[in-house]
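Undergrad: How does the following fold in three dimensions:
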Amino acid sequence: MGLTISRAVQWSSDGDQLENSPLNNDILTEILLFTEGFEDRHPQEASIPFCEPLQWNTSLEAADFTSDIYNTRGESAVSLECDDKGRPLLQLSPPAITVHSFYHLSNLLKLSKDKKMKEVWACLEGELLCMHSLLYYCFWLLSCIFVVCVLLPREGRLSPAAVNTEVDLLKRENRVLKSVHYTSDYVFSNGCRSPPWRQMEGEICSLIIETCDTEPTLFITCNTSGVFLNEVRKLINGEGVENSSMTKSEVYKDIVTLLKNQSPHFAAAADEQDFAIQDVPSAKKILHVETVDVEETGQTLKSYDHEEKNVPEKLAWNKPGSRNKKLEPSLKWKNLGLTSRESKKSPGPASENKKKANFSGSSLPGSDDFSESSSEDEEDEEKPERRAEIPTDLPSEYWQIQKLVKYLKGANQTATVIVLCTLRDFNLVQETCQLAIRDVGGLEVLINLLDTDDIRCNIGSLKILREISCNSLIRQTIADLGGLQTMVSILDTPVKELKCLAAETIANVAKFRRARRTVRQYGGIKRLVELLDCLPDSVSLSAEQERDADVARCGALALWSCSKSTRNKESIRQAGGIPLLARLLKSSQKNMLIPVVGTLQECASEKSYRIAIQTEGMIEDLVKNLSCDNQELQMHCASAIFKCAEDKHTRDLVRQYDGLKPLVMLLNKAENKQLLAATTGAIWKCSISLENVAKFQEYRALEILVGLLKDQPEEVLVNVVGALGECAQISENLATIRKSGGIQPLVKLLSGTNQALLVNVTKAVGACATDPENMPIIDRLDGVRLLWSLLKNPSPDVQASAAWAICPCIENAKDAGEMVRSFVGGLELIVNLLKSQNKDVLASVCAAIAKIAKDVENLAVISDHGVVPMLANLTNTVDDKLRRYLAEAIACCCMWGSNCVSFGEAGAVAPLVHYLHSKDPLVHQATARALFELSKDPNNCITMHENGVVKLLLIMIGSTDAILQEAAASCVANIRCLALANDKAKNG
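TA: Purely as a prediction, here's the structure:
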């Protein structure tokens, strides 16, 4: 299919470039629009990795990847999300970029801004294979969307569910049928078994049925239009045999009718009613299957058109005279954006009297949000759950609720209030009751009730919506029907009970991105922040103040749900939410504190919030609540500290307010994994400060942390190992970790796959290896070999962390040279890492090479692997960290053979001279050592002198660093000796 579409593209005469033609522009525009909006419309499909990635040369830079789902280092960028092989789903190594899924392809186009068309053009033009891949994926997904919509069961037409039910019944009747089986065992998500290109013609599946009295075997095709026999022919080509089928019989309404006409034996058995297959459920009887009007099958496939949905039908008392109900597209069609343009432009009489608030973009105060609504860089849309078909033996409550909802549609105001009260008597937390309301169209009625002027109806409707919106399917339906817009407008009402109910319902519905975006776009964030303005606590609150406090609690709940969006966090800050949250944090009521702290810990991922939490004095309140008796509140407080403790001032404040001891005490509640993860995370970040590590020593936290290295979820292990790695910076703690039995579980974790865990555990093992008594244990447990194997990990962070950990292992091992040589291919592997584009990887590898080169035999091996030219290629860097370890590696590698001369020939000397202009004294020391070793070659001395090294080294000779003094003086001495020898040779 991709090849077919690719032929429509116009190529240049040489066939490797796209022509700038109107046809190509139209095709590329279609692909751009489809791909850019695909992640928002189909999040589940967008997350599926490609079999082969898309690759092209991009004009984007690492600075363009501003989303928090990407990690940027220098000029490169990678996605935090990886496939099952550990490969990032997006990787930028300028100018090349690799993308493995539609999710990241869509995000990339959103980040491209005005370069979108240029990126699509480059992708298609880069490689013919890439072009075929992208076109195939786009076309395949479009086809699948079309098939799902076309094959939605309609009145009087077969559905996959009806066919499956009929086949299951026939399989049990082995007295009259020899066998019944499908030609394909694969079932698509829409229930069909036929391939997509046949599904587009309405085909559901094919069957092979053997009866007792007919020859040959019956080959049957089930189509949405009916069931018919096939004539099977074998077409033989040069590559093999392929089955082909043609319609042979008339079309029957179901399989049973066809078998009755083809098999007298079967017909006789059916007439005698020997088995119960007479009443096979039709499409109409299958529950939860929405019907589609036959006239809508020819609608456009442009699923990226974002137009208004049809307005739901108004209540009976608001639309007298409305008799003829216009058939509307099913909810699935609306979700896909496939409703016909005609139906969108003509809402019909049922919606003309609708008195909804006018939420057009131009009339909203925050209408600027509309221009950015399609490019939020947050988590995926909530994925719909796959649910089994609800059985026909439903409880009586299901039918009772459906009857009540039907009464609700035509009742007057008084009867409506009575029905709403009756509905609330049911257990609306039960899923059957929730779906009963949805299946009969009750959600549309409840949302329409919110537009009426009767406060009793508003309250009753919101109370029901608040209960049932805990269901993910209900949430999405409420958002599809425009319920959020109405609830946002209710936040302006003076009735405080309505405000509470609307805010609580918004809190339930805003669990997925599209809903959160809707709340922001329609001014909901500002309104919710205004609800927070109340007195949080007092000696005695009046009834009115208590109602205000309850409104503030509900507003905080809604903001908590909305704060999972990056843009909503900024909107909360701009609306003045931080001071109000800080004031509410002083409350003593747990039900108030939980949503307030929950909102703060969500927002603490942003630097502006972390600074505000410090300046508003919230750290003290967070620390105080660590000692409360509510574990959920403790978890949120610990999580907020975890995120804020990236800053040193926050770490100091936690210590000053005596927050370290409560954190250690919370480690004893290991049965609560969420609390444990938040607590260990807070301890990890706080232990970055050495003053805090001393306190943790005093509270004996290390022994408890070592005990948590076993039988814990990965999110806990990442934090525990990170804390141990920070605590290991103090030499006294290395012995504590060893005596507590921590080295063995740490080494065992090196064989894991979680990249965040591997980064932390390599750091911890490397810190432990600095103790000579720990090193034999690590070596005996094969820890060094495991560290070396991690150099093959695709993550640059893991590679760098492993290389840093290898350095102390080599330095403190008894026979380091022999140990390194025992790793087959190990030296070649570490030398090849000098080709990496990641500067931290390069710096760590250079440091490791400097340690390896101290053994002469190993130095000879890495020299044979080409370490000299690779190191020389890196000398033009301006990164001081890389400069330091690169100079150390060059100094150590000069000790073998003609390496000193080779460095000069490779052009490494002149750039090294410029390192002496750095402000880092450690760079000066390493560079002086390298220059001293290089000065043993006369040609290198000449190059140094020409680049003005003598004047710089004379300054270094006056340094207080003895190593720097000696290296600088020795280098100057070698240059001077060469000059004297040259003068002597000239003067004879």
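Undergrad: helix/strand/coil for V824?
TA: Using DSSP: H, G, I helix; E, B strand; the rest coil as the criterion, the local structure at V824 reads coil.
Undergrad: Count the residues that sit near it.
TA: Close neighbours of V824, defined as other Cβ atoms under 10 Å, add up to 8. Placement of C-beta: from N, CA and C, glycine included.
Undergrad: Quick check: phi and psi on it?
TA: phi -60, psi 120 (degrees, to the nearest 10).
Undergrad: Same check on I208?
TA: Main-chain torsions, I208, degrees, to the nearest 10: phi -120, psi 120.
Undergrad: what's the answer for I97, then?
TA: Torsion angles, degrees, to the nearest 10, at I97: phi -140, psi 140.
Undergrad: Just the pLDDT for it.
TA: On pLDDT, I97 comes in at 90.
Undergrad: Please apply the same query to C130.
TA: Note on C130: pLDDT of 45.
Undergrad: Ok, S343 next?
TA: pLDDT for S343: 36.
Undergrad: try R198
TA: Here, the pLDDT recorded for R198 equals 83.
Undergrad: do G126 as well
TA: pLDDT for G126: 63.
Undergrad: again with F426
TA: Reported pLDDT at F426 in the predicted model: 90.
Undergrad: Burial check on it, number of neighbours?
TA: Neighbour tally, F426, other Cβ under 10 Å: 20.
Undergrad: looking at this, it is in a strand?
TA: No - counting by three-state DSSP, F426 falls outside a strand, being coil.
Undergrad: Verify the stated contact: it with Q402.
TA: No - using Cβ atoms under 8 Å, F426 makes no contact with Q402, being 11.4 Å away.
Undergrad: Give me the buried stretch members for the lengthiest helix in the chain, please.
TA: When the chain is parsed with DSSP state H, its longest helix is helix 962-987. Neighbour counts over helix 962-987 (16 or more other Cβ atoms under 10 Å) mark 964-965, 967-972, 974-975, 978 as buried.
Undergrad: Stretch 549-556 too?
TA: 549-556.
Undergrad: what pLDDT, on average, does that stretch get?
TA: Rounded mean pLDDT across stretch 549-556 is 92.
Undergrad: For T165, see how far away N223 is.
TA: 17 Å (Cβ to Cβ, to the nearest Å).
Undergrad: Look at the two and report which has more neighbours.
TA: Per other Cβ under 10 Å, whichever of N223 and T165 has more neighbours is N223, with 21 against 18.
Undergrad: Give me the distance between the closest residue to the more buried one other than its chain neighbours and S225.
TA: Once flanking residues are discounted, N223 sits nearest to G202: 4.9 Å by Cβ to Cβ, 6 or more residues apart in numbering. Counting by Cβ to Cβ, the gap from G202 to S225 is 6 Å.
Undergrad: Between these two, which is the more surrounded one?
TA: Counted by other Cβ under 10 Å, G202 and S225 do not tie: G202 has more neighbours, with 19 against 14.
Undergrad: Quick check: closest non-adjacent residue to N692.
TA: C686 (4.7 Å).
Undergrad: meant to ask about Q755
TA: Leaving out its chain neighbours, the residue that sits closest to Q755 by Cβ to Cβ, 6+ apart is S795, at 4.7 Å.
Undergrad: residues contacting the one you found?
TA: Going by Cβ atoms under 8 Å, 6 or more residues apart in numbering, S795 touches 78, 82, 86, 88, 755, 758-759.
Undergrad: Recalculate using a threshold of 10 Å.
TA: 71, 78, 82, 86-88, 755-756, 758-759, 801-802, 838, 841 (Cβ atoms under 10 Å, 6 or more residues apart in numbering).
Undergrad: can you put those residues in CSV and add distance to S47 and neighbour count?
TA: Listed next are the contacts of S795 as CSV, based on distance: Cβ to Cβ, whole Å; neighbours: other Cβ atoms under 10 Å:
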residue, distance to S47, neighbour count
N71, 19, 16
V78, 17, 25
C82, 12, 18
G86, 17, 14
R87, 15, 17
P88, 14, 23
Q755, 18, 19
A756, 20, 18
L758, 23, 25
V759, 24, 23
S801, 28, 28
A802, 29, 32
N838, 26, 21
V841, 28, 25
